[in-house]
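Colleague: Let's see this in three dimensions:
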Amino acid sequence: MSLFFLEAFERIHKERVEEYELLSREIDRKVKETEPGNLIHIQTKVSEDDREAVYRWLEVFASQEALQAHLDNENVQAHVAK
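Modeller: This is a model prediction of the structure:
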């Protein structure tokens, strides 16, 4: 069995951190509801300073098709656009 990994980083201006964290909880919930092939979907704040915070998403997929379904998920696309 092959697993597929995705690691993504998002830089958020300090004044938008609270809003971003709310959006992140919502996208996490939606991904867990709509993507059975997404085995792990975890966000971690990896750094912050007086200007920005950096968040890391670690995601593990059961197959290449599950990864593609994640990339094609309209909820994920809307999150990235915001």
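Colleague: got a list of what residue 26 touches?
Modeller: Contacts here follow CB atoms under 8 Å, 6 or more residues apart in numbering; on that basis residue 26 touches nothing. Every C-beta, even on glycine, is put in place using the N, C-alpha and C of the backbone.
Colleague: next helix or strand past the helix or strand hosting it?
Modeller: Assessed by DSSP states H and E, residue 26 sits inside helix 17-34. Counting by DSSP H and E, the next helix or strand C-terminal to helix 17-34 is strand 38-48.
Colleague: partner strands of that next one, parallel or antiparallel?
Modeller: strand 52-61 (antiparallel) (DSSP bridges).
Colleague: residues making contact with the partner strand?
Modeller: Under CB under 8 Å, 6+ apart, the answer for strand 52-61 is 3-14, 17, 20, 24, 37-48, 67, 70.
Colleague: and if you look at stretch 27-40?
Modeller: 3, 41, 43, 58-63, 65-67, 69-70, 73, 75-76, 79.
Colleague: So for the protein, which residue is the most central one in space?
Modeller: residue 57 (4.8 Å; CA atoms, centre = their mean).
Colleague: on that earlier part again, got the angle between the helix holding residue 26 and strand 52-61?
Modeller: Angle, helix 17-34 to strand 52-61, by axes from the mean of the first three to the mean of the last three CA atoms, to 10 degrees: 10 degrees.
Colleague: in helix 17-34, what's buried?
Modeller: 20, 24, 27, 30, 31 (16 or more other CB atoms under 10 Å).
Colleague: what's the weakest-modelled helix or strand in this structure?
Modeller: Every helix and strand in the chain was compared by mean pLDDT, DSSP states H and E; the lowest is helix 74-81, with a mean of 91.
Colleague: in terms of contact, does residue 43 touch residue 24 like I think?
Modeller: Yes - the criterion here is CB atoms under 8 Å, and residue 43 meets it with residue 24 at 5.5 Å.
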